[in-house]
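Enquirer: Please work out how this folds:
(chains A and B)
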There are 2 protein chains.
Amino acid sequence: MRATPGPIDRFLADLHARLSGLTGGAPATYIPELGKADPALFGIAVAMVDGTLYTAGDAAHRFTIQSISKAFVYGHALDRLGREAVLRHVGVEPTGESFNSISLDEAHNRPFNPMVNAGAIATAELIEGDDPIARQAALAALMERYAGRRLDLDETVYHSEKATGHRNRAIAWMMLNSGMIKRAPEEVLDLYFRQCSLLVDARDLATMGATIANDGINPRTGARALAREHVPDVLTVMNMCGMYNYAGQWSYEIGLPAKSGVSGAILLVIPGQAGIAIYSPPIDANGNSVRGVAAAGEIADAFGLHIFGTHPNVRNAIRAEYRGDRLRSKRARRHADLALLAREGARIRVIEAQGALYFGSTERLIRRAGELAVQADWLIIDMRRVLSADIAACRLLAGLVETMRARGRTLVFAHLEDRGSLAALHAAVAAEAEAGTLAPGRETALEWCEDRLIALHGGGAPARAVAFADLDIVAGLSPAEIAEVAMVAVPLAFAAGEALAREGDEAALFFVLTEGSASIRLRAGGGPGRSIRLGSVGPGMSCGEMALIDRGRRSADIVADEAVRAFGFDIAGLESLGERHPRILIRIIANITRDLAERLRLANNEIRALER
Amino acid sequence: MRATPGPIDRFLADLHARLSGLTGGAPATYIPELGKADPALFGIAVAMVDGTLYTAGDAAHRFTIQSISKAFVYGHALDRLGREAVLRHVGVEPTGESFNSISLDEAHNRPFNPMVNAGAIATAELIEGDDPIARQAALAALMERYAGRRLDLDETVYHSEKATGHRNRAIAWMMLNSGMIKRAPEEVLDLYFRQCSLLVDARDLATMGATIANDGINPRTGARALAREHVPDVLTVMNMCGMYNYAGQWSYEIGLPAKSGVSGAILLVIPGQAGIAIYSPPIDANGNSVRGVAAAGEIADAFGLHIFGTHPNVRNAIRAEYRGDRLRSKRARRHADLALLAREGARIRVIEAQGALYFGSTERLIRRAGELAVQADWLIIDMRRVLSADIAACRLLAGLVETMRARGRTLVFAHLEDRGSLAALHAAVAAEAEAGTLAPGRETALEWCEDRLIALHGGGAPARAVAFADLDIVAGLSPAEIAEVAMVAVPLAFAAGEALAREGDEAALFFVLTEGSASIRLRAGGGPGRSIRLGSVGPGMSCGEMALIDRGRRSADIVADEAVRAFGFDIAGLESLGERHPRILIRIIANITRDLAERLRLANNEIRALER
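Expert: Numbers count the residues shown, from 1 in each chain, chains lettered A, B, ... in the order given. Coordinates of the predicted model:
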């Protein structure tokens, strides 16, 4: 499938080659049929949570699943009856004893956990179905959901187990005696022997592990095998009890939820990432595959998989902070309002969050927000670079909205509503938020906060109209020359929201505003109506310079923010003016050049800020 | 400290109020002094990994640390003797038995684990020091590193324990009998009773937990209390064995490494995030604080803290992909080379990675790289938005370099060398990488790949010089008019790397290139020499238009990519030309306007791409 072995293939091939020479242990003999396994067999399979498989060695060799089935059947019991009911039948306490110990949790009248034989027998009794045939069918269907294919029964091993499983019989009778099981031991044991005798290869088993890692959904078939809510329960029990009386040492050295079987297989789950299956028949005194334990240790070390080996860095939550007197919206504003923003703009602050938001990282974010709110009245949290937000993030950020309101501060979220992966956070915050505080983008959020700051100071009244003679475009011209220019100008009016020009249209007119303001906007991806404001123009300012270039096309939308009055100039009119009065046209073009250069400078600053 | 209670303060206050009403359990009585504790006492403290504290209730009330000390002393033994040696003295297997069980791991001749009394006594014997006084001093120093202050001994409790600790005496004598300890039981026990009788409050204990969570460094003092490499070991033992014979149920329901003490305290560690301490004297039959278990459960639920409750999303690793025929470097290139890139550019691909890189997410990244390499010869991985890269990321990405080389492909990393948090990855990849494949930015990486693609097709020879008459700036002028323009042009030459202009300088000349190419660059943060290329100009093209505006300052550097020949125009020369020949100047300025507008359009497209 893959053209050349990649780093994971090479790692597994090398590991397999090295550990093939590892001797020690012997195939299990207490089930006579298992003792016949070839001790040289050694297969490894890694299944990612999208079903991709990496294998080495005898990954296609079939073997009986044995005790590894316990994890899947336990999950089935949880899905069927719920946690509380299942806990009445079987505990979750590790024991220092071996897998086939007969010791039972007398205090709670239940086996200690579902990974020792006693607990697995109790769990097998909980398989759904009104009669043995129905229960066998439910078992087969369950295992098929995990493996993505029907698993065959190894009749020989099944009969061998059935013929020789006297210790399990003793355990089952003890449990019936104390009421831990209710049905006839032989019938419960028959189902248990069947579940242990199902045939898998390392690829199947890795896929079954990937199904748990993938929140209970088989990545190859899309079938749900385990409810999302019970995934942590199954992983916890595997983690605490999956490796018998080696569980502690395993957790210490390898640190991944795992389950081993006496056929010589070990299944490991890397939550959210992969399932790993290793098969090699020789087992050690604890009942765990010798090469399996060694290989698992090397894999966990090489890739830093121990659950306590690494953790996220809470310091990553805040990417940058900005002050509203330095970072301003691109809304064109009156001189007095701009001066106000320069003076008071620090009352607006922006925090740019990033990465995964969970308890520790969100605590940083809300704490910093609280600190900034000592000075700031408006706080914007820009979520554009946030990748995920869990239940803690939802709770803490919704709580922050409340805290800020109690402090008389306004919290605005930018780029929250358009992010699918943050839908739960959006819902949590929206329930608390005031109108306007969920802004599509940082630009809109900044403008909203600036508008409120300006309004608070009695500013923000519409800018007065600019007389034709005061327009930037005619700067440096004499009154007589200005009158000449006015002759080729077309008076225009636009309602709020109306487009002066649209991206891609042929550029027919160059505009100079005398009243109101208009934004220059780029359409952006991520949903209808989303756009990026590149800048805005107000009275006295010009836009649409593409009209001055033959066959130019609009590179952005120009949209009226409010009622706009403007003059339009077409290239023919300007050219004829230039023929009659070259000096006038030189002046006009120089004025336009200055404006373009300034806008280019702003765009470059923006690129610099974004590239940081 | 904080002006208004924030979401975490409010949560803890509410939790404390509700659970204060919880009855059940009683203060421990087997140490008579503990039995005198007020059952109403209830304190909660959360210490973040930067030392920030959140508290509720009696968080300043002092109590003896009791068994919680076992975790810290175990870490000390690991730091002092190493894993292997410590494992010879005490195992890491959970038992189904209670904290004061006398049962020992006979097979390995050691106590089962360091969290039961037998194991803790064995561990206490491993405290550094040549005599009892030195060992007491080492213990005191150890606990001070964790707590950030000297801990007092509760003399009354110490003497009460010493007077009544007969069961521990029995355990110690049993251990001496089997050789599990070597020194006199009374002396080892004295140290053990002392470690249990140290006084802490919930704030201390939370800080001690935050020290473990913070990779072993006390966040308040900066002192290292536990080696980084032993943090997972201590957490594993807490996780498996910290809650006595309730460890399994605890792990199932709360799912965080923890340790409880019979004084009624529980310490939880959220790795990488926080330490949590809960104190309330009434304990249950398992020896765990009743309110402590209840509060821990609510905190873990509310903030999704169960270790298997959430996991990162491997799908987040790839933010975007680009093809080299659509995304091109801003290097000015000959027409033939541009046509080649349009035709063959898809042989260059860019993957933009993001977030945390670990096994599962890096597997996605390298797998996708392998898929793209079927078609592509050059692959750029842009690391600008990657927040962290662990050991698995280092191994897999270094391995990818090797795989790509074996397939005859070139892998280029952009934005890797300048990122402090990716230093390990940079080192791992640099060891494998060829010259040129670690590029400061995506722009440089793209240019490098384009150069190689062009060279492969025999292109890339220096563009021929452009005659003055063919310059863009004189487009549309007659030969006679062009001769007039040439009169005011100053011929210039620059060596490769030489600056034509520098950002911030007063703009004196406007340039038109006739040979070679120059880049327009913005200086960026993140290290000396880092810059962002905004664009580049080649023969026939112009730059430095700020010179046309009075008192304008350069908005960017203009740097020669190779040997450059150009003409410079100053504003006085152009103005005098304009007075003599207005039509010539109109044409020149219109040509410049077209160029500026085109650059503005490119800048806007870049902003749009970056804002995505």
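
Enquirer: now A:V46: how far from chain B?
Expert: Using C-beta to the nearest C-beta, to the nearest Å, we find A:V46 at a distance of 9 Å from chain B. (Glycine included, C-beta is placed from N, CA and C.)

Enquirer: what pairs with that residue across the strands?
Expert: Here A:V46 shows beta-bridge partners A:Y54, A:I276, assigned using DSSP bridges.

Enquirer: Now do the contacts for it.
Expert: With C-beta atoms under 8 Å, 6 or more residues apart in numbering or on different chains as the criterion, the residues that contact A:V46 are A:8, A:12, A:53-55, A:206, A:274-276.

Enquirer: Relative to A:R599, which of those is nearest.
Expert: Distances from A:R599 to those, taken as C-beta to C-beta, are shortest for A:I8 (49.7 Å).

Enquirer: what sits against that closest one?
Expert: Contacts for A:I8 were tallied using C-beta under 8 Å, 6+ apart; they are A:46, A:54, B:363, B:366, B:396, B:399.

Enquirer: want to try TSV for the residues you listed, with pLDDT as columns?
Expert: Compiled in TSV, the contacts of A:I8 are given as follows (pLDDT from 0 to 100):
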residue	pLDDT
A:V46	98
A:Y54	97
B:E363	96
B:I366	95
B:L396	95
B:G399	93
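
Enquirer: In chain A, where's the longest helix?
Expert: Among all segments of chain A classified by DSSP state H, the helix with the greatest residue count is helix A:582-611.

Enquirer: how much does that one deviate in direction from helix B:582-611?
Expert: Angle between the axes of helix A:582-611 and helix B:582-611 is 20 degrees (criterion: axes from the mean of the first three to the mean of the last three C-alpha atoms, to 10 degrees).

Enquirer: Could you see whether chain B lies near helix A:582-611?
Expert: Yes. Part of helix A:582-611 sits close enough to chain B to count as contact by C-beta under 8 Å from any C-beta of the partner chain, namely A:582-583, A:585-586, A:589-590, A:592-594, A:596-597, A:599-601, A:603-604, A:606-608, A:610-611.

Enquirer: Using ChimeraX, define a selection of the buried residues within these.
Expert: Buried members of the residues of helix A:582-611 next to chain B, defined by 16 or more other C-beta atoms under 10 Å in any protein chain shown, are picked up in ChimeraX with:
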select /A:582,583,585,586,589,590,592,593,594,596,597,599,600,601,603,604,606,607,608,611
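
Enquirer: Identify the residues contacting the residue of the stretch 351-500 of chain A found nearest chain B.
Expert: Per C-beta to the nearest C-beta, A:G399 is where the stretch 351-500 of chain A lies closest to chain B, at 2.6 Å. By C-beta under 8 Å, 6+ apart, A:G399 lies in contact with A:366, B:6-8, B:10-11.

Enquirer: again, only using 10 Å
Expert: A:G399 makes contact with A:362, A:366, A:428, A:432, B:5-11, according to C-beta atoms under 10 Å, 6 or more residues apart in numbering or on different chains.

Enquirer: Out of those residues, name the ones that lie in helices.
Expert: Taking DSSP H as the definition of helices, the contacts of A:G399 contribute A:362, A:366, A:428, B:7-11.

Enquirer: Of these, which is the nearest to B:L267?
Expert: Ranked by distance to B:L267 (C-beta to C-beta), these are led by B:I8 at 18.0 Å.

Enquirer: Can you give me the distance of the closest one to A:G360?
Expert: When distance is defined by C-beta to C-beta, to the nearest Å, B:I8 is 11 Å away from A:G360.

Enquirer: which residues do those two both contact?
Expert: The overlap between the contact sets of B:I8 and A:G360 (C-beta under 10 Å, 6+ apart) consists of A:392, B:48, B:274, B:303.

Enquirer: quick one on the thing from earlier: closest to A:M180 among the contacts of A:G399?
Expert: Closest to A:M180 out of the contacts of A:G399 is B:F11 (40.2 Å), distances taken as C-beta to C-beta.

Enquirer: Excluding covalently adjacent residues, which one is nearest to the closest one?
Expert: For B:F11, the nearest residue in space outside its immediate sequence neighbours is B:A302; the separation is 6.6 Å by C-beta to C-beta, 6 or more residues apart in numbering or on different chains.

Enquirer: got it, and A:D58?
Expert: If you skip the residues right next to it in sequence, A:D58 has A:G43 as its closest partner in space, 3.7 Å away by C-beta to C-beta, 6+ apart.

Enquirer: Could you report the neighbour count for the one you found?
Expert: One way to gauge burial is a neighbour count; for A:G43, by other C-beta atoms under 10 Å in any protein chain shown, it gives 26.

Enquirer: Please apply the same query to A:L22.
Expert: For A:L22, the number of neighbouring residues by other C-beta under 10 Å comes to 15.

Enquirer: Am I right that it is in a helix?
Expert: No. The assignment for A:L22 by DSSP: H, G, I helix; E, B strand; the rest coil gives coil, which leaves it out of any helix.

Enquirer: A:A398 versus that one, what's the distance?
Expert: Relative to A:A398, and taking C-beta to C-beta, A:L22 is found at 54 Å.

Enquirer: wait, isn't A:V564 in contact with A:V512?
Expert: No. Taking contacts as C-beta atoms under 10 Å, A:V564 lies outside contact range of A:V512: 11.1 Å.

Enquirer: which neighbours do those two share?
Expert: Taking C-beta under 10 Å, 6+ apart as the contact rule, the neighbours common to A:V564 and A:V512 are A:492, A:537, A:539.

Enquirer: quick revisit: would you convert the contacts of A:V46 into JSON lines that also reports distance to B:M143?
Expert: As requested, the contacts of A:V46 are exported to JSON lines (distance: C-beta to C-beta, whole Å):
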{"residue": "A:I8", "distance to B:M143": "44"}
{"residue": "A:L12", "distance to B:M143": "45"}
{"residue": "A:L53", "distance to B:M143": "50"}
{"residue": "A:Y54", "distance to B:M143": "47"}
{"residue": "A:T55", "distance to B:M143": "50"}
{"residue": "A:A206", "distance to B:M143": "45"}
{"residue": "A:A274", "distance to B:M143": "40"}
{"residue": "A:G275", "distance to B:M143": "42"}
{"residue": "A:I276", "distance to B:M143": "40"}
